[in-house]
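Student: here you go, sequence then predicted model.
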Amino acid sequence: MPVSNLQIEKILDHYADLLDIDGANQFKVRAYKNAARIVDGLSSNLSDLVLSGEDLTRISGIGKDIASDIREIVETETLSKLLELQEHVPEELLRILELPGLGPKKVKSLYRELGITTIAELKQNCEAGEISKLSGFGKKSEKQILEAIEKFSRRPDRFLLSTARELVEKLLQYLRQLPEIQEIQVAGSYRRAKSTVGDLDILVAGENREKIMLHFVENPEVEEIISHGDTKSSVVLNTAIQVDLRVVDQSGFGAALHYFTGSQAHNIAIRHLGLQQGVKVNEYGVFKQKEQLAGRTEQEIFDCLGLDYIDPELRENRGEVEAARENRLPGLIRPEDIKGDLHMHTSYSDGMHSIEQMAEAAVELGYEYIAVTEHSQSLKVARGLGPEKLKQQMQEIDRLNRELPEITVLKGLEVDILQDGSLDMPEYILRQLDLTVCAVHSKFNLSREEQTERITTAMANPNFNILAHPSGRLLLSRDPYQVDMESIVRAAAEKNVVLELNSQPERLDLDEFYCLRAKELGAAVSISTDSHNTPGLSLMHHGVHQARRGWLEPRDVINTRNLPELKKILQK
DNA sequence: GCCGTTTTCGGCCCGACTGTTTTCAGTCG
């Protein structure tokens, strides 16, 4: 099986961590870390590039050595350098490195001085008071390590963006009680609308920093104070999410907002650009020697560096800085561009509300059209529809369209893609529908080749319009099924199949990288909610944010079109 | 290890906070 980008990223990242513990040159460590990050953000499959003889050094940040490392990983699924290094730097140390407060230097010291390689050994040594005898450690470090071990096992890594949104609302409400706060914004991966976030970065401009910070750490929802300073404090809330607060002057608010929005890779790219132009960029502004050239707003920062304004969702160092310099940033899709929803369920199958209720809710949202897409018969758990029930539904839709002129209801079906690549409904029925949304709901564990073959076979069917939730992933709980997504996107472009970006917060599937890839290869995308009730229709904005992260513009998304244009696209 | 519109050598993003120090190293984002 070809090595995935994720595997390559993990190996490079492990190697960097072990080098770091081993005391290697910091810049070498950074080069590997950087390369791992680049691999993570790549939209094309490295195995394919290697096998087609592509020159990897054309990717900025990948030089001769790391290119050859990647080639070795693709060919052997491992890296001999890493294996050699593991002989004198045990891999288990990486677990210890994950504990907050312990970095490479301290981990190395624990290993060299006390021979500690596992969390269990670390715990024993703390309890025996051995750690505080080491130079650089004290009684307090011993206590903190024990606490970190305790908490580490129960704190979740990341949260769904939608979960974070709920927490943020409550938190902002609390913070705004303080009149000293003049301006407040959530930055970080939350503002970049990443599908999951690790913590919340909140930025405040205001008078009386001490009072603001005190108010922040005294929030009754705070379970633990990690740090408490004048400009920066960190706490963990009882919901287990970490929140960092920074207080800055209004004169530097834009610079701080830009800096704390990140991503780190984007910031580094911006600072490099600054250096080339002879200015220093930090979280307080853009400076020439001591003189502040910009800082009040983000727009000022970008203007000062000769860049167009870069939307937060694009700030991942995936070419946005170059595009901003050359005035070729995309005009990103916005929620108000959406004219209809092409994937939803009603009480005919496993939905809660009637077709009429869904249609009325869609009118409220200002939509021109919706498509009703129940599950097909083989999905018994969702009370999938057989031909008879579907015909009955079509008649009801005809009647509704006569009675409700404000909106058009399209006749659709979420058709199961069966294991052999056939569709779960007779063809004479499929032909009567306005559109089909086809999906994999069973046999998730086929091999990559079989799964890819299954889906591309189905896509060749002339009645196949939209591929729903293409990877089958559930964020934070289920990995995508094994499938060659690059081939799927190519097949979609060739066969005029639309790729769905499912807006359910735990799906957000099509992944952002393949949104961009779809755009590059000329495959269209539909953004749909897959709602099972009327409130579900308002989940659309989650999908739109994800689409923005994938550089999509209104013209790349079919449900930004009006009904006649949409129908033309669906008629193959 | 990577990179170059002053460079193929000599740089490499930058500042806040904490704990262990007694002027700073390590960690974090």
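Tutor: Yep, that arrived. Residues are numbered from 1 along each chain as shown, chains lettered A, B, ... in the order given.
Student: so residue A:534 versus DNA strand B, what's the distance?
Tutor: Computed as C-beta to the nearest atom of the strand, to the nearest Å, the residue A:534 to DNA strand B distance reads 38 Å. The way it works is simple: take the backbone N, C-alpha and C, and place the C-beta from them, glycine included.
Student: for that residue, what are its contacts?
Tutor: Contacts of residue A:534 were listed using C-beta atoms under 8 Å, 6 or more residues apart in numbering, and they are A:352, A:353, A:357, A:358, A:361.
Student: which of the three states applies to the fourth one?
Tutor: When you say that, I think you mean residue A:358. Under DSSP: H, G, I helix; E, B strand; the rest coil, the three-state class of residue A:358 is helix.
Student: next, count neighbours for it.
Tutor: Look at residue A:358: counted by other C-beta atoms under 10 Å, it has 27 neighbours.
Student: with the first one instead?
Tutor: Number of residues near residue A:352 (other C-beta under 10 Å) recorded here: 15.
Student: how about it, nearest residue that isn't a chain neighbour?
Tutor: residue A:533 (3.9 Å; C-beta to C-beta, 6 or more residues apart in numbering).
Student: roughly how far out does the strand or helix carrying residue A:413 sit from the chain middle?
Tutor: Following DSSP states H and E, one finds residue A:413 within strand A:408-416. In this view, strand A:408-416 has its centroid 28 Å away from the chain centroid, taken as C-alpha atoms, centre = their mean, to the nearest Å.
Student: list the helices and strands that strand packs on?
Tutor: strand A:369-375, helix A:387-403, strand A:435-439 (3 or more C-beta pairs under 8 Å, 6 or more residues apart in numbering; DSSP states H and E).
Student: can you redo these as TSV with distance to residue A:464 and mean pLDDT?
Tutor: Output for these, formatted as TSV (distance: least, C-beta to C-beta, whole Å; pLDDT from 0 to 100):
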stretch	distance to residue A:464	mean pLDDT
strand A:369-375	13	96
helix A:387-403	17	94
strand A:435-439	5	96
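Student: which other residues reach the host helix or strand of residue A:7?
Tutor: Taking DSSP H and E as the definition, one finds residue A:7 inside helix A:5-22. With C-beta under 8 Å, 6+ apart as the test, helix A:5-22 has contacts from A:26, A:28-30, A:32-33, A:35-37, A:39-40, A:42, A:45-46, A:66, A:69-70, A:73-74, A:77-79, A:81-82, A:85-86, A:88-89, A:91, A:93-94, A:97, A:104, A:107-108, A:111.
Student: which members of those additionally contact DNA strand B?
Tutor: Among the contacts of helix A:5-22, the residues that sit close to DNA strand B (C-beta under 7 Å from any atom of the strand) are A:28, A:30, A:32, A:35, A:66, A:104, A:107.
Student: the fourth one: neighbour count?
Tutor: Right, the one you point to is residue A:35. 26.
Student: would you confirm that it contacts residue A:61?
Tutor: Yes. Using C-beta atoms under 8 Å, residue A:35 is in contact with residue A:61, at 5.9 Å.
Student: mutual contacts of these two, please.
Tutor: With contacts defined as C-beta under 8 Å, 6+ apart, no residue is shared by residue A:35 and residue A:61.
Student: which element follows the lowest-mean-pLDDT helix or strand in chain A toward the C-terminus?
Tutor: Least confident helix or strand, chain A: helix A:139-152 with a mean of 85, by mean pLDDT, DSSP states H and E. Next in sequence after helix A:139-152, counting helices and strands by DSSP H and E, comes strand A:159-160.
Student: what lies in contact with that next one?
Tutor: By C-beta under 8 Å, 6+ apart, strand A:159-160 touches A:167, A:195, A:196, A:197, A:198, A:241, A:475, A:476, A:505, A:506.
Student: which ones are touching the last one?
Tutor: It stands for residue A:506. Per C-beta under 8 Å, 6+ apart, neighbours of residue A:506: A:160, A:474, A:475, A:476, A:477.
Student: any of those residues buried? List them.
Tutor: Neighbour counting with 16 or more other C-beta atoms under 10 Å marks A:160, A:475 as buried within the contacts of residue A:506.
Student: and the least confident helix or strand of chain A, what does it pack onto?
Tutor: By 3+ C-beta pairs under 8 Å, 6+ apart, helix A:139-152 packs against helix A:119-127.
Student: quick one: buried residues of the helix it packs on?
Tutor: Buried, per 16+ other C-beta under 10 Å, within helix A:119-127: A:119, A:121, A:122, A:125, A:126.
Student: tell me where the model's unsure across chain A.
Tutor: A:1, A:153-156, A:381 (pLDDT under 70).
Student: and residue A:366, how many neighbours?
Tutor: 12.
Student: no no, residue A:526
Tutor: Using other C-beta under 10 Å as the criterion, the residues surrounding residue A:526 number 30.
Student: got phi/psi on it?
Tutor: Per-residue torsions, residue A:526: phi -120, psi 140 (degrees, to the nearest 10).
Student: what does residue A:528 give?
Tutor: phi -130, psi 160.
Student: that one against residue A:342, yeah?
Tutor: Yes. Counting by C-beta under 8 Å, residue A:528 does reach residue A:342; the two are 4.8 Å apart.
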